[in-house]
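Asker: give the three-dimensional model of this entry:
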Amino acid sequence: MSFVAGTLAGALVSGGIYYGFSNLMQSRYVQLLSIVRVLSERLVTASTIVPSPPPASSRIAHRPFVALIQSRWNEELASAFSAVARWERHASEWGRKLLYGERS
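Answerer: Okay, the predicted model is just below:
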């Protein structure tokens, strides 16, 4: 008799657990389905106009004084580099003349 009572008790407990999980999964499914429906409705009825920031070209502030200073700086750097290149050429020619003699 205890075998039958133990089997019935185990079946009853496992059935209760199964029913509890099944009911939990069903209620979660219904909740998620309602959430998906709400989000789907919001997506369908959403505005097609998306506010966006102005383009980058319009956000650039033009500063003529800064541009003038930058161009002058670039000219000064270019002249300094060309002067160094000239000095290097002259030093190379002087060294060649000193080592190998004057070439005519």
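
Asker: contacts and neighbour counts: CA atoms only from here.
Answerer: Noted.

Asker: for T48, give me phi and psi.
Answerer: In this entry, T48 is assigned phi and psi values of phi -90, psi -10 (degrees, to the nearest 10).

Asker: could you do P51 as well?
Answerer: phi -70, psi 130.

Asker: now the one 10 residues further on
Answerer: Geometry field for A61 lists phi and psi as phi -90, psi 130, criterion degrees, to the nearest 10.

Asker: how many neighbours does it have?
Answerer: A61 has 7 neighbours, counted by other Cα atoms under 10 Å.

Asker: state the distance from it to S2.
Answerer: Look at A61 and S2: by Cα to Cα, to the nearest Å, they are 90 Å apart.

Asker: cool, E76 as well?
Answerer: 105 Å.

Asker: the two - which one has more neighbours?
Answerer: Between E76 and S2, E76 has the larger neighbour count (other Cα under 10 Å), namely 12 against 7.

Asker: CA atoms only: put stretch 45-64 into PDB for me.
Answerer: The C-alpha trace of stretch 45-64 is given here as PDB (Å, rounded to 0.1, in the frame of the first residue of the first chain):
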ATOM      1  CA  THR A  45       2.100  55.100 -35.700                       C
ATOM      2  CA  ALA A  46       5.500  56.700 -35.100                       C
ATOM      3  CA  SER A  47       6.300  59.900 -36.900                       C
ATOM      4  CA  THR A  48       8.500  59.500 -40.000                       C
ATOM      5  CA  ILE A  49      10.200  62.800 -39.300                       C
ATOM      6  CA  VAL A  50      13.200  62.300 -37.000                       C
ATOM      7  CA  PRO A  51      14.700  65.400 -35.400                       C
ATOM      8  CA  SER A  52      18.300  65.600 -36.200                       C
ATOM      9  CA  PRO A  53      21.100  68.100 -35.500                       C
ATOM     10  CA  PRO A  54      22.100  70.500 -38.300                       C
ATOM     11  CA  PRO A  55      24.700  69.300 -40.700                       C
ATOM     12  CA  ALA A  56      28.400  69.700 -39.700                       C
ATOM     13  CA  SER A  57      29.000  72.200 -42.600                       C
ATOM     14  CA  SER A  58      26.600  74.600 -41.000                       C
ATOM     15  CA  ARG A  59      28.000  74.200 -37.600                       C
ATOM     16  CA  ILE A  60      31.500  75.300 -38.600                       C
ATOM     17  CA  ALA A  61      32.200  78.900 -37.600                       C
ATOM     18  CA  HIS A  62      34.200  80.800 -40.200                       C
ATOM     19  CA  ARG A  63      36.900  83.000 -38.500                       C
ATOM     20  CA  PRO A  64      38.800  85.100 -41.000                       C
END
